[in-house]
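Q: next comes the sequence, and after it the predicted model I'd like to discuss.
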Amino acid sequence: MKFSMLAIAATALAAGVEGFSAVPSARVSSRFGVRQISSLKMGAATEVDKMAALATAANEARGLAMDSIAAAHSGHMGLPLGCAEIGSVLYGSQMQYNPKDTKWINRDRFILSAGHGSMFLYSWLNLAGFDLPMEELKNFRQHHSMTPGHPEFPNSEHNTPGIECTTGPLGAGVSNAVGFAVSEKMAAARYNTEDHKIFDHHIFALAGDGCFQEGVSAEAAQFAAHEKLDNLIVLYDSNEVTLDKMAEYTQSEDIIKRYQAYGWETFEIDGHDLNVVEETIAAAKASNNGKPKFIKCNTIIGKGMEETEGTNAAHGEAGVPYVDKARANIGLPEEKWFVSEGTRDFFKGVQEKNQKIYDEWQATYTAWKEANPEKATELENAVNDVVPSADAMIKAIPEMGSDAEATRVSGFKVIQEIAKNVPHYISGSADLHGSTRNYINDGGNFGAGFDKTYAGKNLYFGIREHGMGAILNGIAYHGIFKASGSTFAVFVDYMRPTIRVASLAELNRVSYILTHDSIGVGEDGPTHQPVETVSGLRVIPNLDVYRPADAEETVAAYVSSVTRKDGPTALILSRQNLAQNTAMPAMERREGALKGAYVAKKETSDLDLIIIATGSEVQHALKAAADMPGARVVSMPCVEAFERQSDDYKESVLPSTCTKRIAMEAGVTAPWYKYASKVVGVDRFGFSAPGDIVMKELGMSAENLAAEIATMN
């Protein structure tokens, strides 16, 4: 059984037969017209052997997927069976990677955007030599296995080698891939030299109909084309099937023309013809024409399983009863999870080829490092996410002053200092730099054309919040830069799915700058005045939400966002001016804010009341408490950071002996009842008027707070 199907496959290839293909076309359409992909010359026996080995590997990968899904009685069989030839070419021929060094910075990246087809990825990682044992494939979707239902980027729950990206929500992965491509272009521009090229890899993404129906993929595709990210190759598993119905029931567009209109180079091929798949991917890699690549691979979903293939029933586990028959039909033996010695030997050869590439790169890197010691230190710090400690950074940033100002304005000052302290920090905006104030001075602008270069630190995402969030995550997954993105807080719901996944994936390299934080926005009216938004972010597990009360707390919020190690941070900043708590030293405010909450005004007599406030309402709390000797004011800019503190610290800030507590925030009240028995907040939408009038009318004033306190027993 050493070459279980090699003889059959070699005979078929030598005869010019398209193996299991039912799509007869080898045509490749391109933006520059339609061209014919030439057939591989089969004169050399070694080439026949290679293609035969790829064909065998494709069928054995099908077998692994079928066996694992059948054992779990759960999963999605359609994609692993329908895209087996694509996986074979990627992992067996066209991608550069090293299973022994899964963090190699110049490896090609593969993102399975259609994450439900996760057994596709797990099968190929096992065959390609990654440390994903067969036992883990047998434990597919089981508790504590390395093979969860959808791929998960290494985190505290899973550490599966070779997983570049957490995927599952359709459209997200293919949009994350744009962020990967951004990061690779930026790294190449910053660190490659005329003498040494250390970044020149490609980003591959495999996506299905659902990914392209989701709007986020369109936003990201537009950005990718506009910024000429020709290091990106997207493979479209075009199987004409969606979950409920055949795809024609809900779509009728010409997706090739759509992507051509965006500015992508396009191809259309038979996704089961190994020769064509290989030549097309090779051509896409070689094409450095400023256009990202879109390869429409016409495939048969669930290929090899006669009872379901080509139908929407093939999408999930409906084929489980037919697994044994399907395995026999494609030439696999009765032994489950079978991989032939020939396939193992073939991938040893692939590893040897990639090892040579890796070793050559290491030699180049060593020479580059010797010639560019400062660049090397900067890059290695970026890769290892080395930043100054929070304590060191808050001490290094100058005091902000005593004048009242909006925290978005304070943020503009702080982000300049962050960029100096963290050279791999970059930032971008969804067409709102002038309002969100997160532009990095002297950082340059990222992209192609105009005044942009790929070394620029400022990204212009256009009015594409969802796409921005996905691209930011991709940059973070790529593992070199720290990225932040900005918009108005009320629009964060456009990108909420990406924040949720960043939190789940524990992406500490990403943060969100969300300004115009409350009804204080004023004249723009209730469509632009967030009331539920901040609390809606606080309920996302593992997301730190900072709403600072003044400039010094803003320093702490930014510092926390770049020093946190296990998740993302949202910075909630005001449009309107806020008073500075100058009665308390700047460093004490910074240190307190880093802990999430602190005593902003200590009682001067026996403690009989605690006022908890956050953001713009802290100034009102301080004013209301000024004539209350027994009142303590607690500023709580970050609930999540406070909850991580020791019980002793939390007790020192909110002593359990004092139960008379009131909280105040210009937002919905419900979350604050965890800390207080009475809450002054806003449980309705606002209205259009100057911000100070809206605030006063809806009770956000020191006078109203004092009146509410007077009603408490």
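A: Looks like it arrived, so ask away.
Q: would you list every one of the helices in the stretch 451-600 of the chain?
A: Assigned by DSSP state H, counting those that start in this stretch, the helices in the stretch 451-600 of the chain fall at 465-478, 496-504, 533-538, 551-563, 586-594.
Q: next, format those helices as CSV and append distance to His424.
A: (Glycine included, C-beta is placed from N, CA and C.) Below are those laid out as CSV (distance: least, Cβ to Cβ, whole Å):
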stretch, distance to His424
helix 465-478, 10
helix 496-504, 17
helix 533-538, 25
helix 551-563, 10
helix 586-594, 22
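Q: residue with max distance from the center of the protein?
A: Ser605 (50.4 Å; Cα atoms, centre = their mean).
Q: the residue lying closest to that residue once chain neighbours are set aside and Lys602, how far apart?
A: Excluding its sequence neighbours, the residue lying closest to Ser605 (Cβ to Cβ, 6 or more residues apart in numbering) is Pro629, at 4.0 Å. As judged by Cβ to Cβ, to the nearest Å, Pro629 and Lys602 stand 11 Å apart.
Q: quick one, which of the two is more surrounded?
A: Pro629 (13 against 10; other Cβ atoms under 10 Å).
Q: which parts of the stretch 601-713 of the chain are helices?
A: 618-625, 639-643, 647-653, 691-697, 702-710.
Q: which one of those is the most hemmed in?
A: Comparing the helices of the stretch 601-713 of the chain by mean neighbour count (mean count of other Cβ atoms under 10 Å), helix 618-625 comes out on top with a mean of 24.
Q: residues contacting it, please?
A: Applying Cβ atoms under 8 Å, 6 or more residues apart in numbering, the external contacts of helix 618-625 come out as 549-550, 578-579, 581, 583, 600-601, 609, 611-613, 631-633, 635, 664, 700-703, 705-706, 709.
Q: go with 6 Å
A: The list of residues contacting helix 618-625 from outside it, by Cβ atoms under 6 Å, 6 or more residues apart in numbering, reads 549, 578-579, 601, 611, 613, 631, 633, 635, 664, 702, 705-706.
Q: CA-only coordinates of it in PDB, if you can.
A: Output of helix 618-625 as PDB, limited to C-alpha atoms (Å, rounded to 0.1, in the frame of the first residue of the first chain):
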ATOM      1  CA  VAL A 618     -16.300  62.200  37.100                       C
ATOM      2  CA  GLN A 619     -16.100  66.000  36.900                       C
ATOM      3  CA  HIS A 620     -19.800  66.100  38.100                       C
ATOM      4  CA  ALA A 621     -19.100  63.600  40.900                       C
ATOM      5  CA  LEU A 622     -16.200  65.700  42.100                       C
ATOM      6  CA  LYS A 623     -18.200  68.900  42.100                       C
ATOM      7  CA  ALA A 624     -21.200  67.300  43.800                       C
ATOM      8  CA  ALA A 625     -19.000  65.700  46.500                       C
END
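Q: give me the most central residue, this protein.
A: So for the chain, Cα atoms, centre = their mean, it's Asn473, sitting 2.5 Å from the centre.
Q: touching, it and Asn176? I think so.
A: Yes. With contact defined as Cβ atoms under 6 Å, Asn473 reaches Asn176; the gap is 5.3 Å.
Q: name the element the nearest residue to Lys369 once chain neighbours are set aside belongs to?
A: Leaving aside its sequence neighbours, Lys369 sits nearest to Ala376 (Cβ to Cβ, 6+ apart; 4.1 Å). Element membership of Ala376 [criterion: DSSP states H and E] is helix 373-383.
Q: share the number of residues neighbouring the closest residue to Asn239 other than its chain neighbours, please.
A: The shortest distance from Asn239 to any non-neighbouring residue, by Cβ to Cβ, 6+ apart, is to Ile301 (3.9 Å). Per other Cβ under 10 Å, the neighbour tally for Ile301 reads 29.
Q: look up the pLDDT of Ile301 for me, please.
A: Note for Ile301: predicted pLDDT of 94.
Q: now do the longest helix anywhere in the chain against helix 373-383, angle only.
A: Counting residues, the longest helix in the chain under DSSP state H turns out to be helix 341-371. Orientation check (axes from the mean of the first three to the mean of the last three Cα atoms, to 10 degrees): helix 341-371 against helix 373-383 gives 130 degrees.
Q: closest to Ala313 out of the helices of the stretch 601-713 of the chain?
A: For the helices of the stretch 601-713 of the chain, proximity to Ala313 was assessed by Cβ to Cβ; helix 639-643 is nearest, at 44.2 Å.
Q: quick one: contacts of that closest one?
A: Arg538, Asp544, Gly596, Ala597.
Q: check stretch 206-220 too.
A: With Cβ under 6 Å, 6+ apart, stretch 206-220 has contacts from 112-114, 170-171, 174-175, 178, 235, 237, 242, 247, 464, 466-467, 470.
Q: least confident of those residues?
A: Ala247 (85).
Q: surely Ile426 is within a strand?
A: Yes. Assessed with DSSP: H, G, I helix; E, B strand; the rest coil, Ile426 lies in a strand.
Q: give the contact list for the residue lying closest to it once chain neighbours are set aside.
A: With sequence-adjacent residues excluded and distances taken as Cβ to Cβ, 6+ apart, Ile426 is closest to Lys457, at 4.6 Å. Lys457 makes contact with Ile426, Ile440, Gly443, according to Cβ under 6 Å, 6+ apart.
Q: could you grab the helix/strand/coil label for the second one?
A: Meaning Ile440. Ile440 - assigned by three-state DSSP - is coil.
Q: number of residues surrounding it?
A: With other Cβ under 10 Å as criterion, Ile440 counts 22.
Q: residues touching it, list them.
A: Taking Cβ under 6 Å, 6+ apart, one finds Ala419, Ser427, Lys457, Asn458 in contact with Ile440.
Q: thought the first one was touching Tyr425?
A: In other words, Ala419. Yes. Counting by Cβ under 6 Å, Tyr425 is a contact partner of Ala419 at 5.4 Å.
Q: looking only at neighbour counts, state which of those two leads.
A: Tyr425 (24 against 20).
Q: give me the beta-bridge partners of the more buried one?
A: On the basis of DSSP bridges, Tyr425 is bridged to Lys482.
Q: for Leu514, see how far away it is.
A: From Tyr425 to Leu514 the distance is 18 Å (Cβ to Cβ).
Q: Leu332 too?
A: Taken as Cβ to Cβ, the span from Leu332 to Leu514 is 53 Å.
Q: these two: which is more packed in?
A: Neighbour totals were compared for Leu332 and Leu514, and Leu514 leads with 27 against 23 (other Cβ under 10 Å).
Q: quick one: residues contacting the more buried one.
A: Contacts of Leu514 by Cβ under 6 Å, 6+ apart are Ala489, Val492, Ala570, Ile572.
Q: how close does it sit to Phe120?
A: Counting by Cβ to Cβ, the gap from Leu514 to Phe120 is 36 Å.
Q: rewinding a little: could I have the buried ones of the contacts of Leu514 as PyMOL selection syntax?
A: Remark: buried members of the contacts of Leu514, expressed as a PyMOL selection using 16 or more other Cβ atoms under 10 Å:
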select buried, resi 489+492+570+572
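Q: any chance of the contacts of Leu514 in JSON lines, plus distance to Ile256 and pLDDT?
A: What follows is the contacts of Leu514, written out as JSON lines (distance: Cβ to Cβ, whole Å; pLDDT from 0 to 100):
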{"residue": "Ala489", "distance to Ile256": "39", "pLDDT": "98"}
{"residue": "Val492", "distance to Ile256": "34", "pLDDT": "98"}
{"residue": "Ala570", "distance to Ile256": "38", "pLDDT": "98"}
{"residue": "Ile572", "distance to Ile256": "43", "pLDDT": "98"}
